[in-house]
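[1] sharing a model prediction with you, sequence too.
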Amino acid sequence: MRNTLLATAASLAFASTAYAQVSVGNPMAMTGPIPDLVAPMAAAVDLAAQHVNEQGGLFADGQAYEIIRADSACDPVAAVDAVTKLINVNGVSALIGPVCSGATIAQAESVSIPAGVVTLSVSASSPAISTMEDGTDLVFRTAASDAYQGVALAELTMAKGIKDIAVSYANDDYNAALAATFAKEFEAMGGTITANEAHEPNKASYRAEVATLGSTSDNLALFAYYGSGGITIMRNALETAAFETYIGADGMLSDEVIDQLGAENLGGATFTTSASDDTTASFAAWKAAADAAGVPASDPFVPNAYDAAFMMALAIEKAGSGDRDGIAAALRSIANEPGEHILPGEWAKAKEILAGGGDIHYMGAAGPQDFDANGDVAGFFSKSEVVDGAWMAEIIK
Amino acid sequence: MWMDFGFEFVNFYLVPGLVLGCIYALGAVGITLTFGILRFANFAHGELMMTGTYLAWTFGAVVLATTGVVLHPLITAIPAMAGAVVLALLIDRYFYKPFRDAPTIMVVIASFGMMLIVRSAVQVIWGPNQIAFVRGIDKPNAAVREFTQSIDMMLLIPNKHFWIIGGTIVIVLLLHYLLEHTRIGKAMRAVSDSPDLARVTGINVEVVVRATWIVGGMSAVMAGVFLAMDTQTLETTMGFRMLLPMFAAAILGGIGRPFGAVFGGLVIGLAEELVAYPWIGTEPLISPGYKTGVAFAIMVVMLIVRPSGIFKGRTF
């Protein structure tokens, strides 16, 4: 009797979690140092889920594709908490996100890899993520590694005629790795790094740091998140005119920087970010859908976020169930050749091909999302400068 | 001499250290008073500081939207102090008072919970994004720069730093008057020294507790507004980030010793900035990345060597 009850309870639980819907965890940095950048990324994830559900949902019986959002706060500890809850309490099939490299690495090492859950990050770009796995194939990302962005930044700095530069970076996985790549590439190209100092995020004043670095060069390469010290460092530097040019990356590229410091003070600032090739058919399809939904199509990592959520749905459809085991292999299958090309939003078409036993190859909004052996993708970068009071982006070829 | 040593030292290390020290000092005053009189480490103090600053910004924004007048942050701090004091009294009445006779650890945990509740509430009301408190760049005061340049000792001090340092001096003088020359101030010191003795001499301890929250809340708001004037931004963890250095300042000065806390705040603020000065050679003495560690190290050394603090405060 007791066994029968248990079996009934188990089958009921199974029925309610596995047949009605498939849940995917989405631990985004909703609070923390970069909320402005993350809000449109979260909207893009929701848009992808909406496309899937409007066009028939998952599997033959049209199960709902459910996104369960949590707050990873761009913080390793918060990310581990959020993902532990998603995996153990919500029982999600896979993860889309987290946003920041430090949070992604921490949750992968201590929670998702041991649990055998696939992580598909939307914007974690630290080179360390390429090599973090040992024998498993569970961590993927739809954003390009900073091993490439460091090169792009060094080339950009050289192209501006800058021969010597001081480097200041926040002491976290993303910023430290990017600073190291940049410094190495810049010196290889014949430039001089006059100083290379870590700074502690979240301090009220960075005047001592600025003074130390400012005495060595007129140029500053600043690797920080805008909300946890980046703006304060720039403010302290601008107050005393310590530097003439500022070079930086994704973490600093926010309208918040212009809003707080004033466009008239940012003439010397150039920041790069991961960008999309806006000439592809995929980007056109994405832009049409994003514009209709009011999502900013070209903002940093927003197309990457859409790609991640859409690809995860394709992978689950391909795997045939929400079981955690089959998702990694299915993700590789739908992202890489061979297969019929699927553009962003073409869920019904993809579902039909998969139902007929065919292969598909998703062409990402942000660029070709073909995973290499490390679960990395190639990408494009753009540089942004302040023109008429707003960031103006230009693709770096 | 000035160009070789003084210019950089004073402008980029000493003055910023003093400014930071003033902010720590005002925050530490509230911590040391609640620690001394209520006998628990109030983790929610940083959030009180942050909430007060958000209230100040909101008042300024509302006045700007309705009348078009740009108020100085110090004026917006006055209604914010009233709001923060009400918040502190409500928290004490409904969350801390029930634990008054319970073991200290319970009220400490309650204050930790309060910290998370208040921060989340602020995030719900104002959102998690940063807010610009004062826009643009505050360039060094031109008159001071020209005058000091003419005597070959150029000082680069923005106006906001004059406000912060001057404001802190005024507040500390007011605090001195309150504690040394008023009845309630004397009662507060008496409860801090020995609550039981104070009670048998007829001092109403609950009144003293309320006075403590009022004084602590007001100085917390001033610390928060000064911090926001310096960094020119608001965000919801600004109070929490200041909590460790403020605790270090309170312990350095001696628990229950408001002037010890002021002294401790200045020492911690100056120490954090001055360790990054290239005292030996051309490299920073300690990498600026480890500034927070300096405050923590001072606190730990003080607890080992002299747990009562410089001004002989309470030990637990």
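    It's in. Numbers count the residues shown, from 1 in each chain, chains lettered A, B, ... in the order given.
[2] list the contacts of the helix or strand containing residue A:334.
    Using DSSP states H and E, the element containing residue A:334 is helix A:327-335. The contact list for helix A:327-335 (CB atoms under 8 Å, 6 or more residues apart in numbering or on different chains) reads A:93-94, A:118, A:120, A:137-138, A:140, A:311-312, A:314-316, A:318-319, A:339, A:342, A:350, A:359-362, A:369-371. C-beta coordinates here come from the backbone N, C-alpha and C atoms, glycine included.
[3] who's in contact with residue 119?
    With no chain named, the answer covers chain A. By CB under 8 Å, 6+ apart, the neighbours of residue A:119 are A:94-95, A:97, A:104, A:107-108, A:112-113, A:138-140.
[4] try chain B instead
    Counted by CB under 8 Å, 6+ apart, residue B:119 has contacts B:47, B:50, B:236-237, B:239-240.
[5] any chance of JSON lines for the residues you listed, columns secondary structure?
    Shown next, in JSON lines, are the contacts of residue B:119 (DSSP: H, G, I helix; E, B strand; the rest coil):
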{"residue": "B:47", "secondary structure": "helix"}
{"residue": "B:50", "secondary structure": "helix"}
{"residue": "B:236", "secondary structure": "coil"}
{"residue": "B:237", "secondary structure": "coil"}
{"residue": "B:239", "secondary structure": "helix"}
{"residue": "B:240", "secondary structure": "helix"}
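[6] residue A:228: which of these is nearest?
    residue B:237 (8.7 Å; CB to CB).
[7] the closest one is in contact with residue A:202, isn't it?
    Yes: using CB atoms under 8 Å, residue B:237 is in contact with residue A:202, at 7.1 Å.
[8] quick one: residues contacting residue A:160.
    A:245, A:270.
[9] got the phi and psi for it?
    phi -80, psi 0 (degrees, to the nearest 10).
[10] residue A:348 now?
    phi -60, psi -40.
[11] quick check, it in contact with residue A:56.
    Yes: at 5.9 Å, residue A:348 counts as touching residue A:56 under the criterion of CB under 8 Å.
[12] picking up where we left off before, buried ones in the helix holding residue A:334?
    Neighbour counts over helix A:327-335 (16 or more other CB atoms under 10 Å in any protein chain shown) mark A:327-328, A:330-335 as buried.
[13] extract the CA atoms of it and return them as PDB.
    Output of helix A:327-335 as PDB, limited to C-alpha atoms (Å, rounded to 0.1, in the frame of the first residue of the first chain):
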ATOM      1  CA  ILE A 327      20.800  18.700 -23.400                       C
ATOM      2  CA  ALA A 328      24.500  19.300 -23.900                       C
ATOM      3  CA  ALA A 329      24.700  17.000 -26.900                       C
ATOM      4  CA  ALA A 330      21.500  18.400 -28.400                       C
ATOM      5  CA  LEU A 331      22.800  22.000 -27.900                       C
ATOM      6  CA  ARG A 332      25.900  21.100 -30.000                       C
ATOM      7  CA  SER A 333      23.700  19.500 -32.600                       C
ATOM      8  CA  ILE A 334      21.400  22.400 -33.200                       C
ATOM      9  CA  ALA A 335      24.200  25.100 -33.000                       C
END
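[14] pLDDT on it, on average?
    The pLDDT scores in helix A:327-335 average 94.
[15] try stretch A:160-180
    92.
[16] over to stretch B:187-198?
    According to the model, stretch B:187-198 has a mean pLDDT of 88.
[17] for it, buried residues please.
    For stretch B:187-198, using 16+ other CB under 10 Å, the buried residues are B:187-192, B:195, B:198.
[18] what does stretch A:177-192 give?
    A:177-183, A:185-186, A:191.
[19] over to stretch A:226-246?
    A:226-240, A:242-243, A:245-246.
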